[in-house]
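Chemist: take this sequence and fold it.
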Amino acid sequence: MNAAWRERRFTDLAACFDEQVVMRGPGLVELARGRDALVKSYADFMTRSDITEYVESRHAVDRRGDTAVARFDWSMVWIQNGKSDRASGQDLYVFQQRDPVGRSRAGHALLRAG
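Modeler: The predicted model follows:
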């Protein structure tokens, strides 16, 4: 998923999410509701930005039945309008396996803290 948005492959990114996905940010504030809005938020950011550094660490996955929770830390540097900016935080994805071939989609929530 993260490679898809950084490489501007937004159709591939959309395939990772359920139509009713919710993205929440710091303080659990809702940032986007629905797959189209979530993908648009990534596309809008990447239209204005050039990523110069992106690092993920401390990956962890917990699974129970058909549901998995994945989390990791991230840090990123980007340039927008000639100005460099930096952020770091944690992402948490909740996945549910929904089809017989074993594909999973992030459908319940994407929590972004940072």
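Chemist: wait, Trp78 sits on Arg6?
Modeler: No: with contact defined as C-beta atoms under 8 Å, Trp78 does not reach Arg6; the gap is 10.1 Å. The way it works is simple: take the backbone N, C-alpha and C, and place the C-beta from them, glycine included.
Chemist: identify the bridge partners of Ala87.
Modeler: Met76 (DSSP bridges).
Chemist: measure it to Glu7 for me?
Modeler: Computed with C-beta to C-beta, to the nearest Å, the distance linking Ala87 and Glu7 is 19 Å.
Chemist: over to Gln96?
Modeler: In this structure, Gln96 lies at 25 Å from Glu7, with C-beta to C-beta as the measure.
Chemist: could you report the neighbour count for Thr11?
Modeler: Other residues lying near Thr11 total 8 when counted by other C-beta atoms under 10 Å.
Chemist: surely it is in a helix?
Modeler: Yes: the assignment for Thr11 by DSSP: H, G, I helix; E, B strand; the rest coil puts it in a helix.
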